[in-house]
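*Asks:* One predicted model, sequence on top.
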Amino acid sequence: MDKRTFLKLTGAAGAGLMLSPWLGCAPGEGTEPSAGPGVNTFGPETFKLPALGFSKDALAPGIDAETMDIHHGKHHAGYVRKLNAALDGASFSSDGSLESLLTEVAPDNAALRNNGGGHFNHTLYWEVLRPGGPEAPEGDLAELISRDLGGVEAFASAFAKAGATQFGSGWAWLMVNDAGKLEVTSTPNQDNPLMLQCVENTGTPILGMDVWEHAYYLNYQNRRKEYIQAFLALVNWESVAVRLGGAMAQVK
Ligand code: MN3
């Protein structure tokens, strides 16, 4: 990896649009970064593992404490560590947020796509699983689920199917699509609907379900569908509603 080439290119791009070229470039190219107006640099700990905000056994028996411990403390921590390693010293001229990085990430930028996606996706996952809130969608969220997806039961069925049929590792999503409607979709690996250049169905995710085996295998082994039902029973709908508000505000 040649971060200096990356720096030069992103500086010229003006909006962090050319994040991918630093992978695979010959070392020694480019120039050292120079600080200037609107230019910032990532540090070794720019991105941090968020605290869970609840105890690791708070979701048991649906999601057990050991799974939570490994998933948060090892898997998510690993994405954060590798994301920081990939970006350390690189400059950005967009707002530098993870969301803007993912929106612009090129398909062949594996380090940012996988680790930035992993960090974003898991951060969302813990938040929508936070204990508390109503047991079913309410208010605007319930109305939009009804309008766009045919009601809560139809949504749950479509969401479960998206998770169950995602081949291999990946995620199922409820998102606000570019037309301002709720849509259920799925992505492979650590992709998500923010990645305009990487996925077919784009939008702003408001609920995400990890269907990697590490999310359920200790407790459910190969029974992904049982984990999906447990997940759906643990969703914090208040948190999803907050994300809905933010996503709708972005729809033009
Ligand atoms: Mn995971």
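*Replies:* That came through fine. Numbering: from 1, shown residues only.

*Asks:* gap between the residue lying closest to residue 100 once chain neighbours are set aside and residue 174?
*Replies:* The spatially closest residue to residue 100, leaving aside those adjacent along the chain, is residue 94, at 4.6 Å (CB to CB, 6 or more residues apart in numbering). For every residue, glycine as well, the C-beta is placed using N, CA and C. Using CB to CB, to the nearest Å, residue 94 is found at 26 Å from residue 174.

*Asks:* Looking at those two now, which is surrounded by more residues?
*Replies:* residue 174 (29 against 19; other CB atoms under 10 Å).

*Asks:* Verify the contact between residue 225 and residue 161 for me.
*Replies:* No: in this structure, residue 225 is not within contact of residue 161 by CB atoms under 8 Å, at 9.7 Å.

*Asks:* of all of the stretch 101-250 of the chain, which residue lies closest to the ion?
*Replies:* The minimum distance from the stretch 101-250 of the chain to the ion, using CB to the ion, falls at residue 210 (4.1 Å).

*Asks:* For that residue, grab phi and psi.
*Replies:* Here is the backbone geometry of residue 210 (degrees, to the nearest 10): phi -70, psi 120.

*Asks:* Run a quick neighbour tally on it.
*Replies:* Residue 210, neighbours per other CB under 10 Å, totals 25.

*Asks:* so where is the stretch 1-150 of the chain shaky, pLDDT-wise?
*Replies:* Low-confidence segments of the stretch 1-150 of the chain (pLDDT under 70): 1-39.

*Asks:* Okay, helices next: where are they in it?
*Replies:* 3-13, 65-70, 77-87, 98-104, 110-128, 139-149 (DSSP state H, counting those that start in this stretch).

*Asks:* The ion contacts on the protein?
*Replies:* By CB under 5 Å from the ion, the residues of the chain that approach the ion are 210, 212.

*Asks:* Quickly list the domain ranges of the chain.
*Replies:* Using automatic domain parsing, the domain ranges for the chain come out as 3-10+133-251, 14-39+53-129.
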